[in-house]
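Engineer: sequence unknown, structure follows:
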């Protein structure tokens, strides 16, 4: 009976360690990654810059500089979805900063009149003009609202889940081996 208690305690400790390490994983300092990404962008190594900056915003989703840099890169590449998503994040995260104002101007060029989820214009400012496009034709007002989806979230969530599952599998295997050894030694 004592070996079952040890088995349960060991499994619980390993799972708790895996969950805590996964939760703390995203809280890294991303300033060096953002600086490296901007340097690669200046050197015209765009694909490498995107990879480094994506890593930064995955590690810290509130990294305004990383989202802004990715927004400008995607805008220059002609990727409207990527640019719009990252500029929206900048506006939501830092609306009262020059970076937020620049992102808002870029958004108005990319997708004029589209509401930004989580952003309220300052009092006294003129409302954005309503825009109607072919993609909005035939939709109700609630259907045409923008849904803010993180294109990097699936990768981050998947890697976190895989980490927990791998640690849990290793804990299960080690506990099973200990159980079988204990059982074999009793025979």
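Structural biologist: Now that the structure is in, tell me what you want to look at. Since the structure is predicted, the reported quantities are computational estimates derived from the model, not experimental observations. Numbering: from 1, shown residues only.

Engineer: where are the low-confidence patches of the chain?
Structural biologist: The chain contains residues with pLDDT under 70 at 1-28, 115-156.

Engineer: how about 90 then?
Structural biologist: Scanning the chain for pLDDT under 90 picks out 1-30, 60-62, 79-82, 84-85, 88, 91-97, 100-101, 104-105, 107-187.

Engineer: mind listing the helices for it?
Structural biologist: Here the chain has its helices, by DSSP state H, at 2-25, 31-42, 46-59, 64-77, 80-93, 98-110, 153-186.

Engineer: just send those back as JSON lines, with mean neighbour count too.
Structural biologist: To be clear about C-beta, it is placed using only N, CA and C from the backbone, and glycine gets the same treatment. Written out in JSON lines, the entries for the helices of the chain read as follows (neighbours: other CB atoms under 10 Å):
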{"stretch": "helix 2-25", "mean neighbour count": "13"}
{"stretch": "helix 31-42", "mean neighbour count": "17"}
{"stretch": "helix 46-59", "mean neighbour count": "19"}
{"stretch": "helix 64-77", "mean neighbour count": "22"}
{"stretch": "helix 80-93", "mean neighbour count": "22"}
{"stretch": "helix 98-110", "mean neighbour count": "17"}
{"stretch": "helix 153-186", "mean neighbour count": "12"}
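
Engineer: and the closest residue in space to residue 36 that isn't next to it in sequence, what does it touch?
Structural biologist: Closest residue to residue 36 apart from its sequence neighbours, by CB to CB, 6 or more residues apart in numbering: residue 52 at 5.2 Å. Neighbouring residues of residue 52 by CB atoms under 8 Å, 6 or more residues apart in numbering: 33, 36-37, 40.

Engineer: for those, which one is nearest residue 162?
Structural biologist: Within the contacts of residue 52, proximity to residue 162 (CB to CB) peaks at residue 33, which comes in at 21.7 Å.

Engineer: quick one: the closest one from residue 91, how far?
Structural biologist: 22 Å (CB to CB, to the nearest Å).

Engineer: now swap in residue 59 and tell me
Structural biologist: Per CB to CB, residue 59 is found 21 Å from residue 91.
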